[in-house]
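Pasted the sequence and its predicted model underneath.
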Amino acid sequence: MNSKPAVRFDALTGFRCLAACLVFFYHNRKYWRDFLHPEILRLFNEFHIGVSLFFVLSGFLIAYTYAEEPLKSAKSYAKYFSVRFVRIMPLYWLILTAYYLDPAFGNMHFSWLTYLLFHGFSDQHNLDAIAQAWSLNIEMTFYALAPLLCLLQKKHLVYLLGFLALLFLGTWAIGYYWHQVNGNPHKWLYPLHFVLSGTFPGRCLEFVVGMMLANYIRSNKTEFIQKFRFKTIIGFAGIFISTYCIGLFQSKTSSHGSDQPEGMTLQLLALPVFVAIALAGLIYEKSWLQKFFSSRVMVLLGNASFAFYLIHISYVNLKVREWFLLPDRNFVVLWLISIILYLVFEKPIYDGYRKRIKKPAKT
């Protein structure tokens, strides 16, 4: 594909490891609740923001790499989307199939909804099977729409925001009307809180902020970004402070501040801006954080972060715990399994498919 020439963003790859670790600590916080200071626990309760980090980074990388170019032809779009599909689905299907084949878990009760990620559109079913796959629905929806979103952004940001506003209103209206007709028993695109927190139309601004950063860099409008000093410090401090401030709206020690309108507003509007600033810092500023995230170990962990995300809770994690449970909640062991899955399964399939579609057609 005639996409933007590849640029190595090694520090951004390592940054994915941080996002995955935050989600791990978030899901395991209940086991450490009695040992953590209340203010530390407040932070851990909001470490689900690791998903937000993934979304902003995804918006940046897709917009920087492809922009609107997949829309040049149906063939270009098919190649683009198939590459993104192969990047996500094979490993997910592998783990999902193991789950359904296991008598103690899926017990052969296969569901086409989970295989196609359609269960992510339902508030009742979005945690079925591999629970964390709810976010893959959002990611794949973004992949499908990204070239169009980039085209609208190129024309004018107002067109992009207008389209996303209509998409959100239309999504909410479908779920609400469905509820009025028959109660919407499976809660498809309903209620409003689910649409805001669990669907692409609700989470789209996190991707948009990453896209905006990519647009500046692609168009070489980087003078302001490069003159903006201390981006790395401001970005990471802003992520930390935003996360803490979201936690101030927690109604109790086990709840999320993002469940409240004020906390959700901070998560969807303020946090992505600081994530984008942090990404700009990792790209343009030479710092110890850039050096750390671009190290070989962190790049490997960043590449394996998708596998880690898919196994850190739910099926694989529970199977490992049947054999042993270490004091770190198997944190290190799960990372080792993730690296193996990445090197042995995920990477060969992805690299092999990309090489295959790049081969010139035989005449």
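Right, received. Where do you want to start?

I figured residue 280 was touching residue 231, is that so?
Yes - taking contacts as CB atoms under 8 Å, residue 280 lies within contact range of residue 231: 5.0 Å. Where C-beta positions appear, they are placed from N, C-alpha and C, glycine not excepted.

Give me the common contacts of the two.
Counting by CB atoms under 8 Å, 6 or more residues apart in numbering, the shared contacts of residue 280 and residue 231 are residue 225.

Mind naming the longest helix for the chain?
Counting residues, the longest helix in the chain under DSSP state H turns out to be helix 74-101.

Can you give me the distance of residue 54 to residue 281?
18 Å (CB to CB, to the nearest Å).

mean confidence for the longest helix of the chain?
When pLDDT is averaged along helix 74-101, the result is 97.

residues of that helix that come out buried?
In terms of neighbour count (16 or more other CB atoms under 10 Å), helix 74-101 has its buried residues at 76-77, 80-81, 83-84, 86-89, 91-92, 94-96, 99-100.

now for it, which elements pack on it?
helix 112-115, helix 134-155, helix 305-311, helix 314-323, helix 347-358 (3 or more CB pairs under 8 Å, 6 or more residues apart in numbering; DSSP states H and E).

Between helix 347-358 and that helix, find me the angle.
160 degrees (axes from the mean of the first three to the mean of the last three CA atoms, to 10 degrees).

Give me the below-cutoff pLDDT ranges for the stretch 1-150 of the chain.
1-8 (pLDDT under 70).

and if you look at the stretch 151-300 of the chain?
Using pLDDT under 70, nothing in the stretch 151-300 of the chain is flagged.

In it, what residue spans correspond to helices?
157-182, 192-198, 200-218, 223-227, 231-247, 261-265, 271-284, 288-293, 296-303 (DSSP state H, counting those that start in this stretch).

Check what contacts the last one and list those residues.
Identification of contacts with helix 296-303 by CB under 8 Å, 6+ apart yields 10, 12-17, 20, 292-293, 308, 335, 339, 342, 347.

And residue 9, how far from residue 64?
From residue 9 to residue 64 the distance is 8 Å (CB to CB).

With residue 244 instead?
Distance, residue 244 to residue 64, by CB to CB: 30 Å.

Name the residue in those two with the higher neighbour count.
residue 64 (22 against 14; other CB atoms under 10 Å).

That one against residue 217, yeah?
Yes - between residue 64 and residue 217 there is a contact at 6.4 Å, judged by CB under 8 Å.

who wins for proximity to residue 29 among the helices of the stretch 151-300 of the chain?
Closest approach to residue 29 among these (CB to CB): helix 231-247, 11.7 Å.

Flag every buried residue along the closest one.
231-232, 234-236, 238-239, 242-243, 245-247.

and stretch 71-88, how far from the chain's centre?
Mean-position distance between stretch 71-88 and its chain equals 19 Å (CA atoms, centre = their mean, to the nearest Å).

should've said stretch 274-284
Distance, stretch centre to chain centre, for stretch 274-284: 17 Å (CA atoms, centre = their mean).

quick one: contacts of it?
With CB under 8 Å, 6+ apart, stretch 274-284 has contacts from 9, 11-12, 15, 52-53, 56-57, 60, 206, 209-210, 212-213, 217, 222, 225-226, 228, 230-239, 241-242, 287, 289-290, 293-294.

re earlier: which of the buried residues of helix 231-247 sits closest to residue 112?
Closest approach between these and residue 112, by CB to CB: residue 246, at 36.1 Å.

gap between the closest one and residue 59?
20 Å.

How about residue 239?
Residue 239 sits 16 Å away from residue 59, going by CB to CB.

swap in residue 127?
From residue 127 across to residue 59, the span is 24 Å (CB to CB).

swap in residue 216?
13 Å.

Between those two, which is the more surrounded one?
More crowded of residue 216 and residue 59, by other CB under 10 Å: residue 59, with 28 against 17.

circling back: got the helices of the stretch 151-300 of the chain as CSV, with distance to residue 139 columns?
Converted to CSV, the helices of the stretch 151-300 of the chain look like this (distance: least, CB to CB, whole Å):
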stretch, distance to residue 139
helix 157-182, 16
helix 192-198, 12
helix 200-218, 8
helix 223-227, 26
helix 231-247, 20
helix 261-265, 20
helix 271-284, 15
helix 288-293, 21
helix 296-303, 16
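
So which of the ones you listed is nearest residue 47?
Residue 47 lies closest to helix 231-247 among the helices of the stretch 151-300 of the chain, at 7.4 Å (CB to CB).

Pull the closest one out as CSV, backbone CA atoms only.
What follows is helix 231-247, C-alpha atoms only, in CSV (Å, rounded to 0.1, in the frame of the first residue of the first chain):
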residue,chain,number,x,y,z
LYS,A,231,6.3,17.6,26.6
THR,A,232,7.3,14.3,28.1
ILE,A,233,7.1,15.6,31.7
ILE,A,234,3.9,17.5,31.1
GLY,A,235,2.3,14.6,29.3
PHE,A,236,3.1,11.9,31.9
ALA,A,237,2.4,14.2,34.8
GLY,A,238,-0.9,15.1,33.2
ILE,A,239,-1.8,11.4,32.8
PHE,A,240,-1.0,10.8,36.5
ILE,A,241,-2.9,13.9,37.7
SER,A,242,-5.9,13.3,35.4
THR,A,243,-6.1,9.7,36.7
TYR,A,244,-6.0,10.8,40.3
CYS,A,245,-8.6,13.5,39.7
ILE,A,246,-10.9,11.0,38.0
GLY,A,247,-10.6,9.0,41.2
